[in-house]
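1. Starting from these lines, generate the structure:
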Amino acid sequence: MSRGILPLGGVPARRAREKSSGNEGGDVGFLTPYRTYFQIIQIILGIALTVSILFQARGAGLGSVFGGTGTVFKTRRGIDRLLFRMTIGFVIVFCLVSVIGASIPASQ
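-> Residues are numbered from 1 along each chain as shown. So this is what the prediction gives:
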């Protein structure tokens, strides 16, 4: 008898299912009661991120395609710099909250 590749659902797959403890949440299973709070934080961060992007100064954009002036690059100073860095911070925190929130198992 050859020891080739086992078909899907073979003995190793059955053993893995039998050994599973029922906690597929991994290390973040303890956060299950806080899943709603992560969703609320994610909504607030999404709104803050959208607002911070819309508040940033707009360049020529598509205007130069239709005969407008060319794009002028300028150094960010003052509130522009603060808004730019806050946007980056919002993006990082939003991504972290999204990944953690997606890995939290649903309550049963």
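2. count of neighbours near Thr90?
-> Small correction: residue 90 is Phe, not Thr. Residues contacting Phe90 under the criterion other C-beta atoms under 10 Å number 19. To be clear about C-beta, it is placed using only N, CA and C from the backbone, and glycine gets the same treatment.
3. now swap in Arg35 and tell me
-> Arg35 has 16 neighbouring residues, counting by other C-beta under 10 Å.
4. Now the host helix or strand of it: buried residues?
-> Secondary structure assigned from DSSP states H and E places Arg35 in helix 35-55. The neighbour-count check on helix 35-55 (16 or more other C-beta atoms under 10 Å) flags Arg35, Phe38, Ile41, Gln42, Leu45, Ala48, Leu49, Ser52 as buried.
5. who touches the lengthiest helix in the chain?
-> Longest helix in the chain, counting residues (DSSP state H): helix 79-103. With C-beta atoms under 8 Å, 6 or more residues apart in numbering as the test, helix 79-103 has contacts from 25-26, 28, 31, 35, 38-39, 41-42, 45-46, 48-49, 52-53, 55-57, 76.
6. ok, now with 6 Å
-> Applying C-beta atoms under 6 Å, 6 or more residues apart in numbering, the external contacts of helix 79-103 come out as Val28, Phe38, Ile41, Gln42, Leu45, Ala48, Leu49, Ser52, Phe55, Gln56, Arg76.
7. Contact partners for the fifth one?
-> When you say that, I think you mean Leu45. Phe94.
8. That one and Ser52: what is the separation?
-> Separation of Leu45 from Ser52 (C-beta to C-beta, to the nearest Å) stands at 10 Å.
9. Kindly report the same for the first one.
-> From Val28 across to Ser52, the span is 28 Å (C-beta to C-beta).
10. What of the fourth one?
-> Distance of Gln42 to Ser52, given as C-beta to C-beta: 16 Å.
11. which SS class is Val28?
-> What DSSP: H, G, I helix; E, B strand; the rest coil gives for Val28 is helix.
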